[in-house]
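[1] Any chance you can model this:
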Amino acid sequence: MKGIVLLLLLLFISGSNKADVFICVSKTAHKYHFSESCRGLRACKHEIAKKSLKEAQALGYTLCGFED
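    Sure thing, here's the model as predicted:
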């Protein structure tokens, strides 16, 4: 529930449906993060990429557990 509220708030603040998220680009990564400094990204030993929320979801990424 907190994740949905946070997502709606971010979309409202950004003024568009293109909220940016961060992902670890690796074969085993499957979470997206609203903050590049999220502790869920600390273990990423690969490239961290900025993607639109819709793009990350289309790639199969889901919200990081530390974000909700």
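
[2] any idea how far the closest residue to Ala19 other than its chain neighbours lies from Lys45?
    Once flanking residues are discounted, Ala19 sits nearest to Leu53: 4.5 Å by C-beta to C-beta, 6 or more residues apart in numbering. C-beta coordinates here come from the backbone N, C-alpha and C atoms, glycine included. The gap separating Leu53 from Lys45 is 24 Å, by C-beta to C-beta, to the nearest Å.

[3] ok, those two, which is more surrounded?
    Leu53 (20 against 6; other C-beta atoms under 10 Å).

[4] I'd like the next helix or strand past the helix or strand bottoming out on mean pLDDT in the chain.
    Ranked by mean pLDDT, DSSP states H and E, the helix or strand of the chain with the weakest confidence is helix 2-14, at a mean of 60. Remark: after helix 2-14, the chain's next helix or strand is strand 20-25, criterion DSSP states H and E.

[5] Just the CA trace of that next one, in CSV.
    Below are the C-alpha coordinates for strand 20-25, written out as CSV (Å, rounded to 0.1, in the frame of the first residue of the first chain):
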residue,chain,number,x,y,z
ASP,A,20,12.4,7.8,-13.6
VAL,A,21,13.7,4.8,-11.6
PHE,A,22,17.1,3.2,-11.3
ILE,A,23,17.9,-0.5,-12.1
CYS,A,24,21.0,-2.6,-11.8
VAL,A,25,21.7,-4.0,-15.2
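
[6] in the protein, which ranges drop under the pLDDT threshold?
    For the chain, the stretches with pLDDT under 70 are 1-18, 68.

[7] Try it again at 90.
    1-19, 43, 67-68 (pLDDT under 90).

[8] hey, what's Thr62 bridged with?
    Lys31 (DSSP bridges).

[9] I'd say the residue nearest to Ala19 and Tyr32 touch.
    Yes - at 7.2 Å, Leu53 counts as touching Tyr32 under the criterion of C-beta atoms under 8 Å.
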